[in-house]
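Colleague: got a structure for you, letters missing:
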């Protein structure tokens, strides 16, 4: 009588083992980008903007993985650093290529406040320390909402050339920026914060990049790109203060292009 009982107990034990193995498999298969987005070190005020910036879809489109060497140009307040630093901390390498100026010291203070999360971030002042990133050593260069600043300053050609030089052959340049409709006056690119897709493609291709494709993940059809104070009229800046604030909050953050380029392989 004891043998049937033992067999029945074994039958109960086997499914439990299978469940444990199944859970272990799920744990191993966890999406590393999703894990980084859920990092407890992220600032709550930043996480609420995920609905506008779509970091999971954006980084996946650019092909970012935990084992890469990644450069983020002009991380400024560190919104994407809060995701990229934990993503790359254990198996990759992360350079923050921060232009010299008012954001550099503040960015270093931001990193120093959470050394356990950001202690491995390598800060490189641009352009003075650009050579600290070896040529042909980077898998992916990312820049979020910064090319319009380059265009307004007139240094876009030099900056894209720097991106090209640091990338490995076959490496990726990922660009997100505020989108100006193609039929608008190009002069607006110098003052509105918006750029045409064709302008960024021209800048990238002049530097030697190949155009790979675009994603509409950061598109916002509510943004008509014709606001009193340019893109800064919309959140998060809300340059008009309380004037029509509810209107601009209902529109949300800007309509953005998400463009992927490649340095040609040898």
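Modeller: Ah, there it is. This one's a predicted model, so the numbers in the text were calculated from it and none came from an experiment.
Colleague: how near is residue 223 to residue 193?
Modeller: As defined by Cβ to Cβ, to the nearest Å, residue 223 lies at a distance of 11 Å from residue 193. (C-beta placed from N, C-alpha, C; glycine too.)
Colleague: between these two, who's got more neighbours?
Modeller: Neighbour count, other Cβ atoms under 10 Å: between residue 223 and residue 193, residue 193 has more, with 25 against 21.
Colleague: just the strands in this protein please.
Modeller: All strands of the chain, identified by DSSP state E, fall at 69-73, 93-99, 122-126, 138-144, 167-178, 210-215, 256-262.
Colleague: Any idea which helix or strand in this structure has the lowest mean pLDDT?
Modeller: The helix or strand of the chain with the poorest confidence is helix 2-28; it has a mean of 42 (mean pLDDT, DSSP states H and E).
Colleague: surely residue 106 meets residue 77?
Modeller: Yes: Residue 106 lies in contact with residue 77 (Cβ atoms under 8 Å); the separation is 7.4 Å.
Colleague: got the contact list for residue 248?
Modeller: When contacts are counted by Cβ atoms under 8 Å, 6 or more residues apart in numbering, residue 248 touches 227, 233-235, 238, 240.
Colleague: go again using 10 Å as the cut-off
Modeller: Neighbouring residues of residue 248 by Cβ atoms under 10 Å, 6 or more residues apart in numbering: 223, 227, 233-235, 237-240.
Colleague: Likewise for residue 140?
Modeller: By Cβ under 10 Å, 6+ apart, the neighbours of residue 140 are 59, 62-65, 68-72, 84, 92, 167-168, 171-174, 260.
Colleague: Next up, the contacts around residue 93.
Modeller: So residue 93 contacts 67-71, 120-122, 133, 137-139 (Cβ under 10 Å, 6+ apart).
Colleague: who wins for most neighbours among those?
Modeller: Neighbour max across those (other Cβ under 10 Å) = residue 71, 29 neighbours.
Colleague: Please report the distance of that residue from residue 63.
Modeller: 14 Å.
Colleague: Ignoring the adjacent residues along the chain, who's closest to residue 198?
Modeller: Counting by Cβ to Cβ, 6 or more residues apart in numbering, residue 182 is the residue found nearest to residue 198 once chain neighbours are left out, at 6.2 Å.
Colleague: Equivalent analysis for residue 249, please.
Modeller: residue 235 (6.0 Å).
Colleague: one step back: please convert the buried members of the contacts of residue 140 into ChimeraX selection syntax.
Modeller: This is how ChimeraX selects the buried members of those, with burial counted by 16 or more other Cβ atoms under 10 Å:
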select :59,62,64,65,68,69,70,71,72,84,92,167,168,171,172,173,174,260
